[in-house]
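Undergrad: Kindly generate the corresponding structure for this input.
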Amino acid sequence: MKILIAVDGSEFSQGAVQNVVDLFNPQTTEVMLLTVLVPTYHSIPPQMSRFYEPEMEQREKEARALLNCYSTKLRAARFVVDAALENGDARSTIVDFARQWGADLIVIGSHGQKGWERLLLGSVAESVVRHATCSVLVVRHLHRGG
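TA: Below is the predicted model:
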């Protein structure tokens with residue numbers, strides 16, 4: 001089984017990783033960790049690169065450290081793990097990456113936004129569920145194996 005775990009460093013991402021550790025057999029599961037860096041400036045001069053930001057280098061460094069941390073945890077649980085860092089819109093990037101990689105399952109944390117926050121910010125998890133070509137496990141809390 002090929003599982004794509006979309007992570008962003010939140011406690012919900014920690015829950016997604018822990019769910020995979022608790023629920024899946026490492027001998028039959030290949031894991032891909034994916035972090036998507038979303039540009040923070042939405043309108044920049046056209047002569048600048050689409051993803052140019054003065055702090056982008058620092059954000060990439062932090063994202064790579066996050067992927068390394070989660071990779072270490074999964075490898076300690078004996079999973080075969082790879083990791084990817086992409087730039088773009090999280091919703092479409094996760095779905096497209098999963099399709100191209102051939103994921104059987106996407107595991108993603110939900111921030112549980114409701115009301116105006118969800119309407120204004122949108123829900124990455126909801127969009128992934130609606131558009132993914134494979135199954136999606138939405139983690140709302142840390143799974144306690146038992």
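Undergrad: Now do the buried residues in the helix or strand hosting R59.
TA: Using DSSP states H and E, R59 maps to helix 56-76. Neighbour-count burial for helix 56-76, counted by 16 or more other CB atoms under 10 Å, picks out 56, 59, 63, 66-67, 70-71, 73-74. C-beta: built from backbone N, CA, C; applies to glycine.
Undergrad: List the contacts of it.
TA: By CB atoms under 8 Å, 6 or more residues apart in numbering, the surrounding residues in contact with helix 56-76 are 5, 7, 9, 13, 17, 20-21, 31, 33, 35, 37, 53, 81, 83-85.
Undergrad: Quick one, which of those has the minimum pLDDT?
TA: Confidence by pLDDT is poorest for E53 among these, given 55.
Undergrad: G9: what's it in contact with?
TA: Counting by CB under 8 Å, 6+ apart, G9 has contacts 35, 62-63, 66.
Undergrad: now, which of these sits nearest V136?
TA: Using CB to CB, T35 comes nearest to V136 of those, at 17.3 Å.
Undergrad: That closest one contacts E86, correct?
TA: Yes. Using CB atoms under 8 Å, T35 is in contact with E86, at 7.5 Å.
Undergrad: what kind of secondary structure is P39 in?
TA: Assigned with DSSP: H, G, I helix; E, B strand; the rest coil, P39 falls in the coil class.
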